[in-house]
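> okay, sequence plus prediction incoming.
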Amino acid sequence: MCNLWVQVFGICALAQEARETQTLVPRLAQRIDYLTHEPFASYEGKLQALRRSQNGSFFRHAMAISLLSQYIIGSFVISVLMVILTVFLTVENFGLANASVLIATFAQSFVVIYFVHWLFCRFHLSLDAVIKLFAAGFILAVPTAYSIEGIIQAVVVITAWFLYVFLKLMDLAS
């Protein structure tokens, strides 16, 4: 009409920009980690070499992970240590047994990863991918579980309150 375009939702424009980027930017430069901007090519060769050689050394697999996976592992270790230290310093009855339960909770996850991934599938899916997928799942699962448990708790409390009031009214009526 006036040679103007009105854009309400930008998904079409975003798709067009993605198509343009694919034509302008070399394919190798498009494959990057969006958080650390580390090119996939910088560690892809190490992963492929491990697959070809069937090297089962955990140290070799750990040395082939990306910068983001290193950050994830470092953040996890620091967070767990901070939680344990904070609880030790602030909670009066928190002892070594409680810390052991906390550490055993995380150890259980690592034992599952060992049996599901490392023992049988370490050459099918890289340790780097397992770390990233595990972290993404944890980031999504914890808030979801917390929210659902909160909703369930609220429903149970409200139901119990209504039941209590109903029983009290029945008592008064008889």
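Noted; the coordinates are in hand. Numbering: from 1, shown residues only.
> look through the chain and tell me its longest helix.
Among the segments of the chain that qualify as a helix by DSSP state H, the longest is helix 127-173.
> name the helices or strands packed onto that helix?
Packed against helix 127-173 by the contact rule (3 or more Cβ pairs under 8 Å, 6 or more residues apart in numbering; DSSP states H and E) you find helix 67-90, helix 96-113. Any C-beta I mention is one placed from the backbone N, CA and C, and that applies to glycine too.
> of those helices, flag the one that's most buried.
When these are scored by mean count of other Cβ atoms under 10 Å, the highest mean neighbour count falls to helix 67-90 (a mean of 13).
> contacts for that one, please.
For helix 67-90, contacts defined as Cβ atoms under 8 Å, 6 or more residues apart in numbering pick out 33, 35-36, 38, 94, 98-99, 102-103, 106, 127-128, 131-132, 135.
> give me the contact list for stretch 28-45.
Thr21, Gln22, Ala64, Ile65, Ser66, Leu67, Leu68, Tyr71, Asp128.
> how about the residues you listed in JSON lines, adding distance to Ile78 and pLDDT?
Putting the contacts of stretch 28-45 into JSON lines (distance: Cβ to Cβ, whole Å; pLDDT from 0 to 100) gives the following:
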{"residue": "Thr21", "distance to Ile78": "35", "pLDDT": "80"}
{"residue": "Gln22", "distance to Ile78": "38", "pLDDT": "81"}
{"residue": "Ala64", "distance to Ile78": "22", "pLDDT": "84"}
{"residue": "Ile65", "distance to Ile78": "17", "pLDDT": "86"}
{"residue": "Ser66", "distance to Ile78": "19", "pLDDT": "87"}
{"residue": "Leu67", "distance to Ile78": "16", "pLDDT": "89"}
{"residue": "Leu68", "distance to Ile78": "16", "pLDDT": "89"}
{"residue": "Tyr71", "distance to Ile78": "10", "pLDDT": "91"}
{"residue": "Asp128", "distance to Ile78": "20", "pLDDT": "85"}
